[in-house]
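Colleague: Fold the following and give me the result.
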Amino acid sequence: MARIREIREVPVENLTVGEGQVRLRKVDEQLDDLVDSIRLHGLLEPIVVCEDRDCADRFEILMGQRRVLAHQRLGRSTILAAIIDQPVDLETAKALSLTENLIRRDLDSKDIIDACTALYRKYGSARAVADETGIPYAQVLRHIKYDRLEPRLRQMVDSGEIRIDVALKAQDTVAKSEGQIDAREAADLAEALATMTGAERRQILQAKRNHPHVPVKSLIEEFWKADEKDRQIVVTIPAKIHSALQEQARQMGITQDQAAARLLTAGLKAAV
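Modeller: Model prediction:
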């Protein structure tokens with residue numbers, strides 16, 4: 001485990017931004033506030049660096065990229081730095097940078113997704129990422145998307161059968177408390193959700209949560225049985241709404257009559 005070896009002033013010109021820095025976007029955003037703070041009160045907390053693997057006189061920034069930028073704006077030649085006793089790998093650097101940046105200021109969402117995904121690839125589970133960084137487990141799950149999908153669901157997303165948000169909802173719904181996932185159940189649920197309206201999806205997902213041991217196909221069958229007794233009605237709708245209905249039917253892979261029936265049914269159920 002890396003430890004702080006010493007704390008001292010280091011030349012700003014000898015610092016490089018490490019690949020582990022998670023803040024890649026909007027680095028300069030609201031930097032003026034930090035510049036003013038350092039000008040008035042000085043640097044309240046040292047940056048964290050490690051020696052560059054290829055050059056002993058240079059240091060890689062692990063924490064404090066914005067503080068270095070502020071020092072450059074102020075024209076200062078050195079900055080107080082805590083130097084750790086050994087270089088760290090890319091994922092560990094990301095964990096350090098991610099944790100500190102989340103405490104200090106909200107990161108761009110894409111930066112968080114990239115960092116959490118890199119850590120997920122290293123540690124192998126969202127729980128391990130949460131434990132390593134201190135980020136809430138539920139938040140980690142939201143940030144790790146494609147990489148944590150089961151192989152079958154990835155294939156379905158890649159082929160365009162389902163959207164990634166549908167795949168994630170299906171997988172998370174069938175996941176057991178210890179993280180185990182029935183890949184077949186997840187695929188069956190995702191396939192069913194892909195042709196449903198939003199209201200229908202919410203009902204099926206809730207049904208599965210309430211009855212986790214009932215197979216997805218049985219839940220789907222029971223769901224549609226409840227709507228077996230159909231009644232035919234004729235309605236007139238504006239041309240723009242008709243176009244939207246046709247597009248919805250195309251996306252769902254069903255006829256416009258089926259799409260209209262599902263949308264109307266879902267809307268009325270939600271209103272009751």
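Colleague: what about Glu161, helix or strand, and which?
Modeller: When elements are defined using DSSP states H and E, Glu161 is found to belong to no helix and no strand.
Colleague: for Leu263, same thing?
Modeller: Using DSSP H and E, Leu263 sits in helix 256-271.
Colleague: Which SSE is immediately downstream of the lowest-mean-pLDDT helix or strand in the chain?
Modeller: Here the helix or strand of the chain ranked lowest by mean pLDDT, DSSP states H and E is helix 90-104, holding a mean of 53. Using DSSP H and E, the helix or strand that follows helix 90-104 in sequence is helix 109-123.
Colleague: what's the spacing between Val68 and Thr236?
Modeller: Counting by Cβ to Cβ, to the nearest Å, the separation of Val68 from Thr236 is 66 Å. Heads up, the C-betas are built off the backbone N, CA and C, glycines and all.
Colleague: Mind checking which of those two has more residues around it?
Modeller: For Val68 versus Thr236, the count of surrounding residues by other Cβ atoms under 10 Å is larger for Val68: 19 against 6.
Colleague: For that one, give me the pLDDT.
Modeller: We note a pLDDT of 89 for Val68 in this prediction.
Colleague: my guess is Ala70 meets Asp36, correct?
Modeller: No. Counting by Cβ atoms under 8 Å, Ala70 does not reach Asp36; the two are 9.0 Å apart.
Colleague: between those two, which one's more packed in?
Modeller: The neighbour comparison of Ala70 against Asp36 (other Cβ under 10 Å) goes to Ala70, with 22 against 12.
Colleague: helix or strand for the more buried one, which one?
Modeller: Ala70 belongs to helix 65-73, assigned by DSSP H and E.
Colleague: Would you mark the buried spots in the helix or strand following that helix?
Modeller: Using DSSP H and E, the next helix or strand after helix 65-73 towards the C-terminus is strand 78-84. With burial defined by 16 or more other Cβ atoms under 10 Å, the residues of strand 78-84 counted as buried are 79-84.
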